[in-house]
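>>> turn this into a structure:
(chains A and B)
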Amino acid sequence: MELLFEKSRKGRGCDLLPPLDVPPAHLMEGMGREAPLDLPELSEVELSRHYSALERRAHGVNNGFYPLGSCTMKYNPRLHEELAALPGFAGVHPSQDPADVQGCLKVLRLAEELLCEITGMDAMTFQPAAGAHGELTALLMVKKYHLDRGDAGRTKILAPDSAHGTNPASAAMCGFTVVNVPSNPQGGVDLEALRAAAGPDTAALMLTNPNTLGLFDPNILEITQIVHDAGGLCYYDGANLNAVMGVVRPGDMGFDLVHLNLHKTFSTPHGGGGPGSGPVGCKDFLRDYLPAGYVEEGPRGLELRDPEKTIGRVKAFCGNFTVVVKALAYLLTLGAEGIPQAAQGAVLNANYLREQLRGTYDIAYGEGPCMHEFVLTLEKLKKETGVSALDVAKALIDQGIHPPTMYFPLIVEEALMFEPTETESRETLDHAAAVLKAIRAQADTDPAALHAAPVTTPIGRPDEVQAARHPVLRYRPPEVQP
Amino acid sequence: MGGYLPSTAEERRAMLEAIGCRSIEALYAQVPPEMRLEKLDLPEGKSELEVRRILEGLAAGNTVFPAVFRGAGAYRHYIPAIVKSVASKETFVTAYTPYQAELSQGVLQSIFEYQTMICALTGLDASNASVYDGASAAAEAVAMCRDRKRSTVLLSAAAHPMVRRTVETYCFGNGMTVKTVPTKNGFTDAEALAQMLDGTVACFYLQQPNYYGRIEAARALGEAVHAAGGKFIMGVNPIAMALLKTPGECGADIAVGEGQPLGLPLSFGGPYLGFMAATSALARKLPGRIVGETTDHQGRRAYVLTLQAREQHIRREKASSNVCSNQALCAMTAAVYLAAMGPRGLRQAAERCMAHARYAAERICAVRGFDLVYPGPYFHEFVTTCPGDPARVLEGLARRGILGGLPLEDGNLLWCATEVNTKGEIDALEQALREVV
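The predicted structure is shown next:
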């Protein structure tokens, strides 16, 4: 498909602005841009069709099943888009006087109250724009907390080997060293290894529970105790909260800080990569370290204040505000009963799909029930038939199903991680199971067809090696190809 | 059943039966009973209409000003109808990060087009797929410049205070030393910069136009930084880029900025858009997602997420950054905006910003007690004195439906005008100021 730049024709455009109604102003000599402004020139109808064509070449939750593990691709209610676009939110300048933005501040306050109840935390910031940004924020708070107490030797972050890649990356951005804690044969944290790793140099443990294998660690209280006994803090990566919200709270598991992904657990859409929202909650003793611009009650109503020992700022203004509006609408819709029901629905759907696949595929750590997601390991299938996790994922595309997360967690060979979420019906799960069984059968009869998948998409498998070796990161007209 | 759950109680029973489980409770057997929650202390769930009313009520608790003369990092511009229409297409809204290229060519191509347009605006070679906002983009750019010998950051005091604070916060994490280059007459002080440059300086961050709206002598400042072996980062206003010398033309190694002016509503500060572009020498140090062009096995043009060896899911603690979710939909919105405006439309918008700002400055300064603090070139923001208490003046304007300039710490006001302010609005502002003062 042609790019906007290839569709561009000199002289076309949209007529958008009125004529100038005041005398023109001019730049002083030498300040002006020399190069021509290479933006495409198109009429509105061409633009409209271009993006409609691009939309047809994409796949969203509205198009079909999207069981992308660890990403919680639940349905994104349409109401939320309307609410976020209300002029009373969309038209508000972030530097208006607090008296003129009480509605926005109430949104933040109310979302904080509801999410603190769900997580068992005491205070929450909405400044972080994504989950990884929340991790960074929380770890900066950890760092400042230890330093303020004169505990400068706490330079290490403990993280299990099943952790999301963002955990070690966030730790490194804060100058911490990462200590990988191995998993035990059940897929949980190896307690002996944790005991050996925890000590006076431990700043914090970063943990996802349920973990990336979709398993709830039954030793969680002992885990957080070991870290606390060593003087470290416990940080909950909320990527997998959807399994347990309203059922058990990170605060009651012994965690001191938590980040949430509103774009996963709380149904805000992911926009093809963002915007997300990664609020960070903490227990009372860490409240003073929250980012600048925390909502507090003042003499004239709600206002934004800098907590006493604040880490500073991770972003301008108050975060991805209208994403919080959407999450708040979701929280109000579900309420006290709906929230645990959603979690239970997610766990039921995951277990149901897993049982449909048992016997057809090998399940990693498949003894007990799983939580909201599960991991298949296709190591044996690959050995026997040559069909890999990648092949199965690509074959799903031809059946209109978005593939699961591939090759993660790293501790499982040929991993496929499925997270169906609670908003899928039984028919959808049955259909996915039937498709996966058919693919398994085809692996014996016609593996070549699976290596060739997908065939129904605008492109086949792309050459990623070429993309990385000879990066082409922008369009250049043919006459100026370097 | 609410909560967007399709399954009925009967279906759930049947599903439990199919997995050989007596109750949903049994699926949570691994959760120690002593920490199980009995019931959330939250309000009961509500219908769509009730939730709509609650949120509409909260929105009504905000003041939306018919006339806005405030910028300072967030700008009201005209958003063409096509921009909103494209940005609300359900598939673009609900897709995840385009990990599966075959199924995501639409999203990937839109980002590739965005990257190309950011390169065109900034005059640099490579752009990433966006980061969270202009402030975090600045902080990420600073981190890109660090090497073994150089870990000091020089920040212009004429950069946005929240950008500076964000850079300082990230540097508290990564251990880089931040030093502030003072201002002189509302410009970054070139002499002070020259004195601060030494072998430890990794980079210098300059905002163009600066926080006070002034157009800095960017090229000369950048040359001084390069002569001392440091990198030159420019934080730029994307609309101003239609007129001003580009970061590429000023010799910048990295350009970043707040992309909100490119078709995104004010929305109380977010979601906005952090754009980042760099010279090809630094392309592999860019954080976050990058889309590249390649071919499939049949030679068809294809787009993929590329240079992933930089990224956290492969490099883990050795990654250049932890960014994964970015502001993709905002980046697409910016691309649609730039394509709708085109080269002429964007230049028109920028020219009108500048002309309206000139006219607004003239009218405001016609009122006794308001004087331009820094005469000389500015884009669409400028600082004036304020006779008396700024809070009282602003309150008077607010009563007349006008959001006035931002009060600065020294009691002056930072004003902004864009293409959406009309001559009539500006004349009304003058009249209102006369009444208020």
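>>> ranges for the helices of the stretch 201-350 of chain A?
A:220-229, A:250-253, A:321-357 (DSSP state H, counting those that start in this stretch).
>>> need the ones you listed in JSON lines (columns: mean pLDDT).
Converted to JSON lines, the helices of the stretch 201-350 of chain A look like this (pLDDT from 0 to 100):
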{"stretch": "helix A:220-229", "mean pLDDT": "98"}
{"stretch": "helix A:250-253", "mean pLDDT": "98"}
{"stretch": "helix A:321-357", "mean pLDDT": "97"}
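>>> highest average neighbour count across those?
By mean neighbour count, with neighbours taken as mean count of other C-beta atoms under 10 Å in any protein chain shown, helix A:321-357 ranks first of those at a mean of 25. Where C-beta positions appear, they are placed from N, C-alpha and C, glycine not excepted.
>>> show me the contacts for residue B:207.
B:156, B:158, B:159, B:160, B:163, B:216, B:234, B:235, B:236 (C-beta atoms under 8 Å, 6 or more residues apart in numbering or on different chains).
>>> again, only this time at 6 Å
By C-beta atoms under 6 Å, 6 or more residues apart in numbering or on different chains, the contact set of residue B:207 is B:159, B:235.
>>> same question, residue A:371
Per C-beta under 6 Å, 6+ apart, neighbours of residue A:371: A:210, A:214, A:216, A:243, A:347.
>>> out of the helices of the stretch 201-350 of chain A, flag the one nearest residue A:42.
Smallest distance to residue A:42 across the helices of the stretch 201-350 of chain A (C-beta to C-beta): 28.5 Å, for helix A:321-357.
>>> which other helices and strands does that closest one contact?
helix A:78-84, helix A:102-119, helix A:426-445, helix B:24-27, helix B:48-60 (3 or more C-beta pairs under 6 Å, 6 or more residues apart in numbering or on different chains; DSSP states H and E).
>>> out of the helices of the stretch 201-350 of chain A, nearest to residue B:65?
Nearest to residue B:65, of the helices of the stretch 201-350 of chain A and by C-beta to C-beta, is helix A:321-357 at 17.2 Å.
>>> next SSE downstream of the closest one?
strand A:362-363 (DSSP states H and E).
>>> centre of the chain to that next one, how far?
26 Å (C-alpha atoms, centre = their mean, to the nearest Å).
>>> so where does residue A:380 fall, helix or strand?
Per DSSP H and E, residue A:380 falls inside helix A:379-385.
>>> residues of that helix that come out buried?
Across helix A:379-385, burial judged by 16 or more other C-beta atoms under 10 Å in any protein chain shown covers A:379, A:381, A:382, A:385.
>>> just the contacts of residue A:371: which has the poorest pLDDT?
Minimum pLDDT for the contacts of residue A:371 is recorded at residue A:214 (93).
>>> which ones are touching that one?
Residue A:214 sits next to A:370, A:371, A:373, A:374 when contact means C-beta under 6 Å, 6+ apart.
>>> measure the first one to chain B for me?
What that stands for is residue A:370. Distance check for residue A:370 against chain B: by C-beta to the nearest C-beta, to the nearest Å, it reads 8 Å.
>>> need the pLDDT of that residue.
On the pLDDT scale, residue A:370 gets 96.
>>> what's the answer for the last one, then?
Residue A:374 carries a pLDDT score of 97 in this model.
>>> quick one: residues contacting it.
If you count contacts by C-beta under 6 Å, 6+ apart, then residue A:374 has A:214, A:350, A:354, A:418 around it.
>>> CA atoms only: put stretch A:308-327 into CSV for me.
The C-alpha coordinates for stretch A:308-327 follow below in CSV (Å, rounded to 0.1, in the frame of the first residue of the first chain):
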residue,chain,number,x,y,z
GLU,A,308,7.5,16.8,51.5
LYS,A,309,10.3,14.4,50.3
THR,A,310,9.0,14.1,46.7
ILE,A,311,11.2,12.4,44.1
GLY,A,312,10.3,15.2,41.7
ARG,A,313,8.5,14.6,38.4
VAL,A,314,8.5,11.8,35.9
LYS,A,315,6.4,13.8,33.4
ALA,A,316,4.8,17.3,33.0
PHE,A,317,1.3,17.9,34.6
CYS,A,318,-0.9,15.1,35.9
GLY,A,319,-0.3,12.1,33.7
ASN,A,320,-2.5,10.7,31.0
PHE,A,321,-5.6,12.3,32.6
THR,A,322,-8.4,11.2,30.2
VAL,A,323,-7.1,7.6,30.5
VAL,A,324,-7.9,7.9,34.2
VAL,A,325,-11.4,9.2,33.3
LYS,A,326,-12.0,6.0,31.3
ALA,A,327,-10.7,3.8,34.2
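>>> is chain A within reach of the helix or strand harbouring residue B:276?
Using DSSP H and E, residue B:276 sits in strand B:274-278. No - counting by C-beta under 6 Å from any C-beta of the partner chain, chain A is not contacted by strand B:274-278; separation bottoms out at 8.7 Å.
>>> that strand: what's the following helix or strand?
Counting by DSSP H and E, what follows strand B:274-278 is strand B:291-295.
>>> got a list of contacts for that following strand?
In contact with strand B:291-295 (C-beta under 6 Å, 6+ apart) are residues A:462-463, A:466-467, A:471-473, B:108, B:111-112, B:129, B:302-304, B:306.
>>> buried ones in it?
Using 16+ other C-beta under 10 Å as the test for burial, strand B:291-295 gives B:291, B:292, B:293, B:294.
>>> so how far is the first residue of stretch A:239-257 from its last?
13 Å (C-alpha to C-alpha, to the nearest Å).
>>> now stretch B:60-77
Start-to-end, stretch B:60-77 (C-alpha to C-alpha) is 22 Å.
>>> I'd like the distance from stretch B:193-202 to the chain centre, please.
28 Å.
>>> contact partners of it?
B:145, B:146, B:150, B:151, B:152, B:154, B:181, B:224, B:228, B:230.
>>> which one of these is nearest to residue A:18?
For the contacts of stretch B:193-202, the nearest to residue A:18 is residue B:181 (40.6 Å; C-beta to C-beta).
>>> looking at residue B:311 now. What's its pLDDT?
69.
>>> ignore the last one, residue A:118
For residue A:118, pLDDT reads 98.
>>> cool, and residue B:82?
For residue B:82, pLDDT reads 98.
>>> distance between the helix or strand harbouring it and the chain's centre?
Assigning secondary structure by DSSP H and E places residue B:82 in helix B:81-87. Relative to its chain's centre, helix B:81-87 lies at 19 Å (C-alpha atoms, centre = their mean).
>>> ok, residues contacting that helix?
A:44, A:47, A:51, B:263, B:333, B:336, B:337, B:340.
>>> if you set the cut-off to 8 Å instead, what comes out?
A:14, A:44, A:47-48, A:51, B:92-93, B:263, B:329, B:332-333, B:336-337, B:340.
>>> ok, now stretch B:381-388?
B:71-72, B:186, B:209, B:212-213, B:357, B:361, B:364-365, B:368-374, B:393, B:405, B:407-408, B:411-416, B:437.
>>> could you find the closest non-adjacent residue to whichever residue of the stretch 151-300 of chain B sits closest to chain A?
In the stretch 151-300 of chain B, the residue that lies nearest chain A is residue B:269 (2.7 Å; C-beta to the nearest C-beta). Distances taken as C-beta to C-beta, 6 or more residues apart in numbering or on different chains place residue A:317 nearest to residue B:269, at 2.7 Å, with adjacent residues excluded.
>>> neighbours of the one you found, just the number please.
25 (other C-beta atoms under 10 Å in any protein chain shown).
>>> so which residues on the stretch 151-300 of chain A come close to chain B?
Contacts of the stretch 151-300 of chain A with chain B, taken as C-beta under 8 Å from any C-beta of the partner chain, map to A:164-166, A:168-175, A:177-178, A:215-218, A:220-221, A:244, A:246-249, A:252-253, A:263, A:267, A:269-276, A:278, A:291-292.
>>> now, of those, which are buried?
A:164-166, A:168-175, A:178, A:215-217, A:220, A:244, A:246-249, A:252-253, A:263, A:267, A:269-276, A:278, A:291-292.
>>> for residue 142, helix, strand, or coil?
By default, I'm working from chain A. Under DSSP: H, G, I helix; E, B strand; the rest coil, the three-state class of residue A:142 is helix.
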